[in-house]
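Participant: sequence and predicted structure below; questions after.
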Amino acid sequence: MTSPASAPPAPSNLRRVVTASLIGTTIEWYDFFLYGSAAALVFDKLFFPESDPLVGTLLAFVTYAVGFVARPVGALVFGHYGDRLGRKKLLVISLLMMGGATFAIGLLPTHAQLGSAAAVLLTVLRLVQGFALGGEWGGAVLLVSEHGDARRRGFWASWPQTGAPAGQLLATAVLAVLTAVLSEDAFVSWGWRVPFLLSGVLVLVGLWIRLSVDESPVFRAALAKAEARRAAESAEAAAEKKAETMPLLAVLRHHWRDVLIAMGARMAENISYYVITAFVLVYGTKHLDMDRQTVLNAVLIASAVHFAAIPGWGALSDRWGRKPVYLLGAAGIGLWAFPFFWLIDTESFGAVLLAVTVGLVLHGAMYAPQAAFFSELFATRVRYSGASIGAQFSSVAAGAPAPLIATALLADFGGSTPVALYVIAAALLTLLAVGVAKETRMRDLERIGEPEEPGGSGRIPAPRGGSVSADGL
């Protein structure tokens, strides 16, 4: 008999959960990307005015990179408590932390008012942003994955993934409007604060929607089973299993292969995204001396296509499987690496738009099934920890240094060939990681890590060859 937790949810309830996750991730990515844009435009003047302009920009980008460093810490903390207390509670906290930090940046005194302490406060708030984002992704995709049924899990779970291009579009659009209607002096003086303060309004909307959804039924079912088992155990047996019930320890003990697979799967996805959307600005404007607005417009239009493509790839992963779609994206991004730069070298807007659009569509083939794929790798009681750790630890090695590595390769070799080879190497690593994984489509999220038959040994195979205890982990 189908359990209530595994039964297909009512369409209206599922749509509400998807909407809450999408709006929440959009707001958090808006805040995260907004900082990067402001760092490139004005933070060097506002917080590092005593430095050479280039040095000031680099220092501003150092504070930007700090956010990536904080994301794995957020993944550890939010994953631990999300697996013990529930997905919804932690998602509300992450939204409040991100929105509060972004709003506070809009009120922050600059170097002119506070001196060097202003840059210190800016860095602290960026750390809070990264910490919150590290906990947001795993909870948002799990809340949808654990509400939806297995037949369309890839499609529904891909919607929170569209929050990244949506947040980038929103942040860039707000800045574009402000720079168009304000003089440069007005923008530097006070206009840059507006999009940060706007985050406060967006957070209130997101919070209202997020509070209206129910906790994951899969998590509630796993928690009820664990509590029933604990009630039947002796105090001594419960004490012996205390360490085992720590989500982080359980992930490292029983799901370490899955964590490595998730990290490897993220390499091509993460590196290609920042090369296509961030490094392309450096390559186009500094190396080819193209107009910045030309390249930026190409990225904006391509991001809109990216947004539309992600749910399509998610739906295909429900038909073909997670692995075929993910492998198609990884192979495609590796094959597109050289044509990508050849098209940009023409300095034609149409060619640049084609290069970036195809690149982001191929990226979407990896990014869309990633939510369901990572959710299906881990047992319920460690799912938040496992998915978040795998996703966020790889971002430090992949996404954070990607623009810096690509820029260094361009400076050292004077051309795009080593950068293309860098992307190809990442694609090969992802092909290997996903290739050795088992197909996860149609897995029952409730039964991952559960005994297949009553009266079993209490230790059963995990999805990737590890083992988990029968206590719900």
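Facilitator: Looks like it came in fine.

Participant: identify the residues contacting the residue most central in space within the chain.
Facilitator: The chain has residue 137 as the residue nearest its centroid, 5.2 Å off, counting by Cα atoms, centre = their mean. The neighbours of residue 137, taking Cβ atoms under 8 Å, 6 or more residues apart in numbering as the test, are 25, 160, 388, 391-392. (Each C-beta comes from the backbone N, C-alpha and C, glycine too.)

Participant: closest one of those residues to residue 333?
Facilitator: residue 391 (17.9 Å; Cβ to Cβ).

Participant: pLDDT score for that closest one?
Facilitator: If you check residue 391, the pLDDT there is 86.

Participant: circling back: what comes up buried for whichever strand or helix holds the residue nearest to the centre of the chain?
Facilitator: If you go by DSSP states H and E, residue 137 is part of helix 117-147. Of all the residues in helix 117-147, those buried under the rule 16 or more other Cβ atoms under 10 Å are 118-119, 122-123, 125-147.

Participant: with stretch 153-171 instead?
Facilitator: 153-171.

Participant: also stretch 322-339?
Facilitator: Quick answer for stretch 322-339 (16+ other Cβ under 10 Å): 322-334, 336-338.

Participant: kindly report the same for stretch 316-323.
Facilitator: Quick answer for stretch 316-323 (16+ other Cβ under 10 Å): 316-318, 320-323.

Participant: so residue 67, which state does it fall into?
Facilitator: Secondary structure, DSSP: H, G, I helix; E, B strand; the rest coil: residue 67 is helix.

Participant: right, I mislabeled it, should have said residue 289
Facilitator: coil.

Participant: and the gap between it and residue 126?
Facilitator: For residue 289, the distance to residue 126 (Cβ to Cβ, to the nearest Å) stands at 31 Å.

Participant: so where's the stretch 101-250 of the chain uncertain?
Facilitator: 230, 232-247 (pLDDT under 70).

Participant: one more time with 80, if that's ok
Facilitator: 148-149, 172, 176, 179-180, 212-214, 216, 219, 222-250 (pLDDT under 80).

Participant: hey, C-alpha coordinates of stretch 325-341 in CSV?
Facilitator: Only the C-alpha atoms of stretch 325-341 are listed here, as CSV (Å, rounded to 0.1, in the frame of the first residue of the first chain):
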residue,chain,number,x,y,z
VAL,A,325,21.0,14.1,-19.4
TYR,A,326,23.8,15.0,-17.0
LEU,A,327,26.4,13.2,-19.2
LEU,A,328,25.0,14.9,-22.3
GLY,A,329,25.5,18.3,-20.6
ALA,A,330,29.1,17.5,-19.5
ALA,A,331,30.1,16.1,-22.9
GLY,A,332,28.5,19.0,-24.7
ILE,A,333,30.2,21.7,-22.6
GLY,A,334,33.6,20.0,-23.2
LEU,A,335,33.0,19.9,-26.9
TRP,A,336,31.7,23.5,-27.0
ALA,A,337,34.8,24.9,-25.1
PHE,A,338,36.8,25.8,-28.3
PRO,A,339,33.8,26.9,-30.5
PHE,A,340,32.7,29.1,-27.6
PHE,A,341,35.9,31.2,-27.8
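
Participant: residues in contact with it?
Facilitator: Residues contacting stretch 325-341 (Cβ under 8 Å, 6+ apart): 265, 268-269, 272, 276, 283, 313, 316-317, 355-356, 358-359, 362-370, 373, 416-417, 419-421, 423-424, 427-428, 430-431, 434-435.

Participant: now, these that are in helices?
Facilitator: 265, 268-269, 272, 313, 316-317, 355-356, 358-359, 362-370, 373, 417, 419-421, 423-424, 427-428, 430-431, 434-435 (DSSP state H).

Participant: buried among these? Make that a PyMOL selection.
Facilitator: Of these, the buried ones can be selected in PyMOL as follows, counting by 16+ other Cβ under 10 Å:
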select buried, resi 265+268+269+272+313+316+317+355+356+358+359+362+363+364+365+366+367+368+369+370+373+419+420+423+424+427+430+431+434
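
Participant: and of the buried residues of stretch 322-339, the nearest to residue 350?
Facilitator: Distances from residue 350 to these, taken by Cβ to Cβ, are shortest for residue 336, at 16.8 Å.

Participant: tell me how far the closest one lies from residue 282.
Facilitator: Taken as Cβ to Cβ, the span from residue 336 to residue 282 is 19 Å.

Participant: and the host helix or strand of residue 165, how far out from the chain's middle?
Facilitator: Here residue 165, judged by DSSP H and E, is contained in helix 163-181. Distance of helix 163-181 from the chain centroid (Cα atoms, centre = their mean, to the nearest Å) equals 19 Å.

Participant: helix or strand right after that helix?
Facilitator: Helix 163-181 is succeeded, C-terminally, by helix 184-186 (DSSP H and E).

Participant: the helix or strand just after that following helix vs helix 163-181, what angle?
Facilitator: Going down the chain from helix 184-186, the next helix or strand is helix 193-211, by DSSP H and E. Relative orientation of helix 193-211 versus helix 163-181 (axes from the mean of the first three to the mean of the last three Cα atoms, to 10 degrees): 150 degrees.

Participant: just the angle between helix 193-211 and helix 117-147, please?
Facilitator: 30 degrees.

Participant: going by neighbour count, which residues of helix 193-211 are buried?
Facilitator: In helix 193-211, the ones that count as buried by 16+ other Cβ under 10 Å are 193, 195-196, 198-199, 202-203, 206-207, 209-210.

Participant: closest one to residue 62 out of these, please.
Facilitator: residue 196 (19.3 Å).

Participant: the closest one is in contact with residue 106, isn't it?
Facilitator: Yes. Using Cβ atoms under 8 Å, residue 196 makes contact with residue 106 at a distance of 3.1 Å.

Participant: which residues does residue 417 contact?
Facilitator: Contacts of residue 417 by Cβ under 8 Å, 6+ apart are residue 338.

Participant: now it: how far from residue 332?
Facilitator: The value you get for residue 417 to residue 332, if Cβ to Cβ is used, is 19 Å.

Participant: ok, then the element right after the host helix or strand of residue 387?
Facilitator: According to DSSP H and E, residue 387 maps onto helix 383-397. Scanning forward in sequence from helix 383-397 by DSSP H and E, the next helix or strand is helix 402-413.

Participant: mean confidence for that following helix?
Facilitator: On average, helix 402-413 scores 84.

Participant: which strands or helices does whichever helix or strand residue 15 is part of pack on?
Facilitator: Secondary structure assigned from DSSP H and E places residue 15 in helix 11-38. Contact here means 3 or more Cβ pairs under 8 Å, 6 or more residues apart in numbering; DSSP states H and E; on that basis helix 11-38 packs against helix 53-85, helix 87-107, helix 117-147, helix 163-181, helix 193-211.

Participant: that helix to helix 163-181, inter-axis angle?
Facilitator: 50 degrees.

Participant: distance from the chain centre to helix 11-38, please.
Facilitator: 11 Å.

Participant: before we move on, what about stretch 175-189?
Facilitator: For stretch 175-189, the distance to the chain centre is 30 Å (Cα atoms, centre = their mean).
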